[in-house]
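Chemist: have a look at this prediction, sequence included:
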Amino acid sequence: MGPTLLAEDNPAGPGRYPGADRIAVLPDLPNRRASAHHGAMSEAASTRILADRRLWLMAAYGFVAGLPLPLSGFTFRLWLSEGGVSLAVIGLTANIGLSYSLKFLWAPLLDNVPPPGPLRHFGRRRGWLLAIQPLLAGAAVLLALSNPAVAPVPAVAAAALVAFMSASQDIVVDAWRIEIFPPRLQGAAMAAYVWGYRAALLISGAGAIKSADIIGWHGALLAVAALMAFGPVVTLLAPEPRAAAQRAVARFAARLTSAVIEPLVEFLTRPGAWLILGFVALFKLGEAMAGVMTAPFYTSLGFNRAAIAVATGPFSLAATFVGTALGGWLVARLGVGRALLWTGWVQTAAMGMYLLLASSAGEHHVLYATVMTEAFAEGMADAAFITYLSGLCSVAFTATQYALLSSLAAIALRTVGGLSGFLAADLGWTRFYALAVFAALPAMLLMMLLLRRYPPAENAASQVGEVAPPESRGADPD
């Protein structure tokens, strides 16, 4: 009998042998014994994976990486809303998230420059994390001690510092993950990261909002900052990747050419490249306008912190998981192009729930239905959209092109979304959310044109069953 192929080593996917279409039976073993043996080996492989200490560290890194995001997003905007800060200022806080979208600009610095001072003795990855993580926790403390109702500018500045340090931490954690895990464990590592990340979003999102009812906003945010202080502990427990320790640092100009310029030139010389970039930039426009203003919208309708925490916490998370799973199934069933078309229209139609909510002030069941419908539709559309973005990437420049495309997808949220406060103040909630629905239509028209002229490759590899972290999807954590 030949060697057994474990599920995680199988390039043809779990449960399917390479070349299975050419093999009818295994001649040297009855099918029942083969099935039992394969199941036992798969179970043993799963046990080995769960026993891998690095995966638990990866989940811990996901947790510390997810904690800061709501502090510059939904949780922060809800705090501003309760402090009576104007809609215009609340909308402009969307620009804080540009750090997540543009982090590729200073990623080469963290990749090429040794950590400062004695921290370089911990290695390139751990040294930079030990420099960044205390500053991130300190920025969160500054935010918790601010008073946006009296002095919104220092509060916004602290939130911007949290976002910048958080994005910098993400750069190094991503590099650590890629270098510490072999290719066959990258999927498991990403899954561990996502689960830790999602748990953190619940704590610093819905958990912090509900805690503010008991210990006030300052206490709730200080508690989140205290959890961030565990980041350096995780880093001290983590091994330094061998690749980072041994890699010779290339000249900056050569690094810039290979890391940024060559991937850009390769993409922009393709047929329809600018049309594709236009679609990617506009796909989240309607969602960006709608999502940025949800915190003041819910507050203006009379919903208290408890109701908002329940809606944006467990209800939203469950709906996101279900939507993403269905979106992944649709991609497999219909193909990338048709799945993207159907899920895009569902996402656009789901924004109509905001119009229903605008006329249902104080109705908790309508709030829950709105948030769950939006989360479900967004998760479903994201599964197809992420698959589409993955298929656009050249094998030679996968990481860089995907980073650039996903950053472009978030630009609408971080720029045009920042103007939504002015629009909401001038139009009122009902007309504002009607405008948000119409703002999604240009991307849908571009999508239909693209699918007709430049249909996507249907064999694009993508892990659509996973729920990507919000910052990689261009989404807000609400």
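Modeler: Thanks, I have it.

Chemist: could I get the full set of helices for the stretch 1-150 of the chain?
Modeler: 31-50, 53-66, 74-82, 87-92, 98-101, 107-112, 124-145 (DSSP state H, counting those that start in this stretch).

Chemist: mind putting those helices into TSV with mean pLDDT, mean neighbour count and distance to F432?
Modeler: (Glycine included, C-beta is placed from N, CA and C.) What follows is these, written out as TSV (pLDDT from 0 to 100; neighbours: other Cβ atoms under 10 Å; distance: least, Cβ to Cβ, whole Å):
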stretch	mean pLDDT	mean neighbour count	distance to F432
helix 31-50	52	12	48
helix 53-66	92	22	29
helix 74-82	94	25	15
helix 87-92	92	20	10
helix 98-101	87	22	23
helix 107-112	80	17	36
helix 124-145	95	23	28
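
Chemist: out of those, flag the one nearest V280.
Modeler: V280 lies closest to helix 98-101 among these, at 12.4 Å (Cβ to Cβ).

Chemist: list the helices and strands that closest one packs on?
Modeler: helix 152-180, helix 398-414 (3 or more Cβ pairs under 8 Å, 6 or more residues apart in numbering; DSSP states H and E).

Chemist: got these as TSV, with mean pLDDT, distance to P442 and mean neighbour count columns?
Modeler: Output for the helices and strands packed on helix 98-101, formatted as TSV (pLDDT from 0 to 100; distance: least, Cβ to Cβ, whole Å; neighbours: other Cβ atoms under 10 Å):
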stretch	mean pLDDT	distance to P442	mean neighbour count
helix 152-180	91	28	22
helix 398-414	74	11	21
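
Chemist: so what's A290 closest to, chain neighbours aside?
Modeler: A436 (4.2 Å; Cβ to Cβ, 6 or more residues apart in numbering).

Chemist: now swap in D52 and tell me
Modeler: L185 (7.4 Å).

Chemist: now the one you found, what are its backbone angles?
Modeler: Reported as degrees, to the nearest 10, the phi and psi values for L185 are phi -110, psi 0.

Chemist: among the helices of the stretch 1-150 of the chain, which is nearest V173?
Modeler: helix 53-66 (5.0 Å).

Chemist: which strands and helices sit next to the closest one?
Modeler: So helix 53-66, by 3+ Cβ pairs under 8 Å, 6+ apart, packs with helix 152-180, helix 186-202, helix 231-237.

Chemist: quick one, which of the ones you listed is nearest to G379?
Modeler: helix 186-202 (11.8 Å).

Chemist: elements contacting the closest one?
Modeler: By 3+ Cβ pairs under 8 Å, 6+ apart, helix 186-202 packs against helix 53-66, helix 152-180, helix 316-334.

Chemist: which residues does P271 contact?
Modeler: By Cβ atoms under 8 Å, 6 or more residues apart in numbering, the contact list for P271 reads Y454.

Chemist: next, it: phi, psi?
Modeler: Torsion angles, degrees, to the nearest 10, at P271: phi -60, psi 130.

Chemist: ok, G344 next?
Modeler: Dihedral angles (degrees, to the nearest 10) for G344: phi -60, psi -40.

Chemist: and it, how many neighbours?
Modeler: Residues lying near G344 (other Cβ atoms under 10 Å) number 22.

Chemist: next one: L435
Modeler: L435, neighbours per other Cβ under 10 Å, totals 16.

Chemist: buried stuff in the helix or strand hosting it?
Modeler: Using DSSP states H and E, L435 maps to helix 429-439. Buried residues in helix 429-439, counted by 16 or more other Cβ atoms under 10 Å: W429, F432, Y433, A434, L435, A436, V437, A439.

Chemist: show me what that helix is packed against.
Modeler: Against helix 429-439 (3+ Cβ pairs under 8 Å, 6+ apart) you get helix 285-292, helix 352-358, helix 420-427.

Chemist: can you put those in a markdown table and add mean neighbour count and mean pLDDT?
Modeler: Putting the helices and strands packed on helix 429-439 into a markdown table (neighbours: other Cβ atoms under 10 Å; pLDDT from 0 to 100) gives the following:
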| stretch | mean neighbour count | mean pLDDT |
| --- | --- | --- |
| helix 285-292 | 26 | 86 |
| helix 352-358 | 19 | 93 |
| helix 420-427 | 19 | 92 |
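
Chemist: can you list these in CSV and add distance to A443?
Modeler: Output for the helices and strands packed on helix 429-439, formatted as CSV (distance: least, Cβ to Cβ, whole Å):
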stretch, distance to A443
helix 285-292, 6
helix 352-358, 16
helix 420-427, 17
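
Chemist: helix or strand right after the helix holding L435?
Modeler: Counting by DSSP H and E, what follows helix 429-439 is helix 441-453.

Chemist: leaving out sequence neighbours, find the closest residue to Y193.
Modeler: G62 (3.8 Å).

Chemist: so who does the one you found touch?
Modeler: Contacts of G62 by Cβ under 8 Å, 6+ apart are A192, Y193, V194, W195, G196, Y197, R198, A199, A200, P469.

Chemist: which one of the helices and strands packed on helix 186-202 lies nearest to G117?
Modeler: Of the helices and strands packed on helix 186-202, nearest to G117 by Cβ to Cβ is helix 152-180, at 16.7 Å.

Chemist: how far off centre is that closest one?
Modeler: 13 Å (Cα atoms, centre = their mean, to the nearest Å).

Chemist: make residue 1 into 49 and carry on from there
Modeler: New numbering, starting at 49: the last item is helix 200-228.

Chemist: that helix - contacts with which helices or strands?
Modeler: helix 101-114, helix 122-130, helix 146-149, helix 155-160, helix 172-193, helix 234-250, helix 290-294.

Chemist: so which of those helices gets nearest T435?
Modeler: Using Cβ to Cβ, the nearest of these to T435 is helix 234-250, at 15.0 Å.

Chemist: tell me the angle that closest one makes with helix 364-382.
Modeler: 150 degrees (axes from the mean of the first three to the mean of the last three Cα atoms, to 10 degrees).

Chemist: quick one: helix 234-250 to chain centroid distance?
Modeler: The answer for helix 234-250 is 10 Å, by Cα atoms, centre = their mean.

Chemist: send me that helix as PDB with only the CA atoms.
Modeler: Coordinates of each C-alpha in helix 234-250 appear next as PDB, following Å, rounded to 0.1, in the frame of the first residue of the first chain:
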ATOM      1  CA  GLN A 234      -1.200  28.600   6.700                       C
ATOM      2  CA  GLY A 235      -4.900  27.900   6.500                       C
ATOM      3  CA  ALA A 236      -5.100  26.600  10.100                       C
ATOM      4  CA  ALA A 237      -3.000  29.600  11.200                       C
ATOM      5  CA  MET A 238      -5.400  32.000   9.500                       C
ATOM      6  CA  ALA A 239      -8.400  30.300  11.000                       C
ATOM      7  CA  ALA A 240      -6.900  30.600  14.500                       C
ATOM      8  CA  TYR A 241      -6.100  34.200  13.900                       C
ATOM      9  CA  VAL A 242      -9.700  35.000  12.700                       C
ATOM     10  CA  TRP A 243     -11.300  33.300  15.700                       C
ATOM     11  CA  GLY A 244      -9.100  35.300  18.100                       C
ATOM     12  CA  TYR A 245      -9.800  38.400  16.200                       C
ATOM     13  CA  ARG A 246     -13.500  37.900  16.200                       C
ATOM     14  CA  ALA A 247     -13.500  37.300  20.000                       C
ATOM     15  CA  ALA A 248     -11.600  40.500  20.500                       C
ATOM     16  CA  LEU A 249     -14.100  42.400  18.400                       C
ATOM     17  CA  LEU A 250     -16.900  41.200  20.600                       C
END
